[in-house]
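Peer 1: model the following, please.
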Amino acid sequence: MMNLDVNKTELDGVLLIKPFTQFEDFRGNYIESYNEKAYKKAGITSDFIQDDISTSKYNVLRGLHGDEKTEKLVTCPYGSLFFVAVNNNPLSKQYKKWFSTTLSDKNKLQVYVPSNFAIGFLVVSEVGLFQYKQTTYYEDCNQFTLAWNDPQLNIAWPVDNPILSKRDMI
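Peer 2: Residues are numbered from 1 along each chain as shown. Okay, here's the model as predicted:
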């Protein structure tokens, strides 16, 4: 078994991952998006129990959402997304600090996000697919929402007027 390419980001606990099993030829490509042994060997010991997929069109911004107990492993298997993770733990020295990266079907990157972080993304391709594994079952009542355009966060979103849900118009 090969080792994952796992890199720390500027936020404690948030990891940028490049899966090791990738194959591409004239037919398309194959990616092993998760292998429990490989991830545990790399120090990611989370027990993921639910997988979710969101499909959105260009200029849709989803987030920033999170809760106090769910860890996530996120990726973009189709299209391109501007992805953001925000530390929402008031006890952390990095409280309200954020990290961003591009997730796409071209770079095949994943991001591991610990609990107490809000996540969000903006679709920057015609269509984007956001896939995530999580360590808890989804419970809307336990989630927090941060304003995507909160001036205290000052996130450098590459858009001024995204398409938002009612929840995200706060």
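Peer 1: and the spatially most central residue of the chain, what element?
Peer 2: Nearest to the mean C-alpha position of the chain, by CA atoms, centre = their mean, lies residue 74 at 4.1 Å. If you go by DSSP states H and E, residue 74 is part of strand 72-78.
Peer 1: which secondary structure elements does the lowest-mean-pLDDT helix or strand in the chain sit against?
Peer 2: None of the helices or strands of the chain scores lower by mean pLDDT, DSSP states H and E than strand 22-25, at a mean of 82. Here strand 22-25 touches strand 28-31, going by 3 or more CB pairs under 8 Å, 6 or more residues apart in numbering; DSSP states H and E. For the C-beta atoms, the positions are set from N, CA and C on the backbone; glycine is no exception.
Peer 1: what's the average pLDDT for the strand it packs on?
Peer 2: Throughout strand 28-31, pLDDT has a mean value of 85.
Peer 1: mind checking how far the helix or strand just after that strand is from the chain centre?
Peer 2: Toward the C-terminus, strand 28-31 is succeeded by helix 36-41 as the next helix or strand (DSSP H and E). In terms of CA atoms, centre = their mean, to the nearest Å, the centre of helix 36-41 is found 19 Å from the chain centre.
Peer 1: so for helix 36-41, mean pLDDT?
Peer 2: On average, helix 36-41 scores 93.
Peer 1: export that helix as CSV, just CAs?
Peer 2: C-alpha atoms of helix 36-41 as CSV (Å, rounded to 0.1, in the frame of the first residue of the first chain):
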residue,chain,number,x,y,z
GLU,A,36,-9.5,3.2,5.5
LYS,A,37,-6.1,1.6,6.1
ALA,A,38,-4.2,4.3,4.1
TYR,A,39,-6.0,7.2,5.9
LYS,A,40,-5.5,5.7,9.3
LYS,A,41,-1.9,5.0,8.5
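Peer 1: picking up where we left off before, what comes up buried for the strand holding residue 74?
Peer 2: Along strand 72-78, these residues count as buried under the neighbour rule (16 or more other CB atoms under 10 Å): 72, 73, 74, 75, 76, 77.
Peer 1: who are the packing partners of it?
Peer 2: In terms of contacts (3+ CB pairs under 8 Å, 6+ apart), strand 72-78 is packed against strand 98-104, strand 110-113, strand 117-123, strand 127-134.
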